[in-house]
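**Student:** whatever this is, show me its structure:
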Amino acid sequence: MGLFEERAASPMLIARQDEAFDHPDWIYELKMDGFRCLAYMDGACVDFRNKRNLRVASKFPELADLYRNVSGKCILDGEVVVLKNGVPDFFALQKRTLLTDRFKIDLEASRFPASFVAFDCIYENGRELQWEPLMQRKRILEETVTENERIAVSRYVEEYGTALYQAAEQRELEGIVAKRKDSVYLMGKRSRDWIKCKRMSDEEFIVAGYFRKGKDIYSLILAKYEGASLAYKGHVTSGVTADTVSVLTVTGKSPIRLHPKANPDAVWVNPDHVCVVQYMPNTKNTLRQPVFKGYRQDVYPEEITGIP
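**Tutor:** Next up is the predicted model:
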């Protein structure tokens, strides 16, 4: 049994976020506002696994035949995206991941079909490629995949990251990812060889509680791990609905080590939900104009730390 048969791979993670830059030793790709997956493909099926190594292929029936678009047996790293007007739509994608009814899933698949954008290949026909340099893995990826409307290979530019970032900004895309050309694939680890350069800051937080601000107006209390304890990081109201808080499990006990005293009516919950908050970057390191974008089903709360 090997990496493929045991489904033992885990995605490499990005360690930091920074401003766009130019460098001849780096390549730059568009950052997709999608659902990170590893795709195990052979001559008979495709098995999508999220960052928790859970099967998610049933959520995307329109991608069931992608194994026909690869040569042999492989593990591809990439993102499932749903495009609207040519731009990735995170809300449409999140809606799909939360559906459980087969009829509704099939309906969404026909209305807004998903695609898989592959940006790495870590296994190919019996060869484990994680110790190969990135550019070698890119070459193998391009040789392995035959593109169509449901699967694509991520394009990249060399050296000139600033120009690509500006193009992404003009189209209001999420940003870019910079990758060192000789970087190896460190499965399950955070690497500083990959850097996010985002137009807006989409950041993940743990939901520690909430409070009601008015009729059908709620604010989530956000936290991150600092060491073994949760620390308060702010709150978000825009985008939060009654449905948002209905999935949380009330405990009545604050899971946060230090929190503002201005929330006497806070409803404390089990800190097992990770959410994405979009906000305007600023020099004060605060959540300026935050907007709740949705929950992440593929991220462990323990991954959400206050370490930059």
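**Student:** switch to C-alpha atoms for all contacts and neighbour counts from now on
**Tutor:** Fine.
**Student:** how close does E149 sit to L63?
**Tutor:** Distance, E149 to L63, by Cα to Cα, to the nearest Å: 10 Å.
**Student:** who has more neighbours, those two?
**Tutor:** A side-by-side neighbour count of E149 and L63, using other Cα atoms under 10 Å, places L63 first with 22 against 9.
**Student:** give me the pLDDT value at the residue of the chain most remote from its centre.
**Tutor:** Going by Cα atoms, centre = their mean, the residue of the chain most distant from its centre is P264, 33.7 Å out. We have a pLDDT of 71 for P264.
**Student:** the longest strand along the chain pairs with which strands?
**Tutor:** In the chain, taking DSSP state E as the definition, the longest strand is strand 201-214. Paired strands of strand 201-214, with direction, are strand 217-226 (antiparallel), strand 267-268 (antiparallel), strand 274-280 (antiparallel) (DSSP bridges).
**Student:** which among these is found nearest to N125?
**Tutor:** Closest approach to N125 among the strands paired with strand 201-214 (Cα to Cα): strand 274-280, 35.8 Å.
**Student:** mind listing what's buried along that closest one?
**Tutor:** 274-279 (16 or more other Cα atoms under 10 Å).
**Student:** equivalent analysis for stretch 200-213, please.
**Tutor:** 201-202, 204-211.
**Student:** could I get those residues as TSV with pLDDT and distance to G34?
**Tutor:** Output for the buried residues of stretch 200-213, formatted as TSV (pLDDT from 0 to 100; distance: Cα to Cα, whole Å):
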residue	pLDDT	distance to G34
S201	77	15
D202	85	12
E204	94	14
F205	96	17
I206	97	19
V207	97	21
A208	96	25
G209	95	26
Y210	95	27
F211	91	30
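**Student:** mutual contacts of E149 and L63, please.
**Tutor:** Residues within reach of E149 and of L63 at once, by Cα atoms under 8 Å, 6 or more residues apart in numbering, are S115.
**Student:** show me the shaky parts of the protein.
**Tutor:** Within the chain, the stretches with pLDDT under 70 are 259-263, 280-284, 307-308.
**Student:** helices of that one, start to end?
**Tutor:** Counting by DSSP state H, the chain has helices at residues 90-98, 102-111, 134-144, 161-170, 242-246.
**Student:** chain center to the shortest one: distance?
**Tutor:** Relative to the centre of its chain, helix 242-246 is centred 22 Å away, using Cα atoms, centre = their mean, to the nearest Å.
**Student:** which helices and strands does it pack with?
**Tutor:** With contacts taken as 3 or more Cα pairs under 8 Å, 6 or more residues apart in numbering; DSSP states H and E, helix 242-246 sits against strand 217-226.
**Student:** just the C-alpha atoms of the strand it packs on, please, in PDB.
**Tutor:** Below are the C-alpha coordinates for strand 217-226, written out as PDB (Å, rounded to 0.1, in the frame of the first residue of the first chain):
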ATOM      1  CA  ILE A 217     -29.300  41.100  13.700                       C
ATOM      2  CA  TYR A 218     -26.500  39.000  15.100                       C
ATOM      3  CA  SER A 219     -22.800  39.500  15.600                       C
ATOM      4  CA  LEU A 220     -20.300  36.700  15.800                       C
ATOM      5  CA  ILE A 221     -17.500  36.700  18.400                       C
ATOM      6  CA  LEU A 222     -14.200  35.700  16.600                       C
ATOM      7  CA  ALA A 223     -11.100  34.100  18.100                       C
ATOM      8  CA  LYS A 224      -7.900  32.400  17.200                       C
ATOM      9  CA  TYR A 225      -5.600  30.100  19.000                       C
ATOM     10  CA  GLU A 226      -2.500  31.700  20.700                       C
END
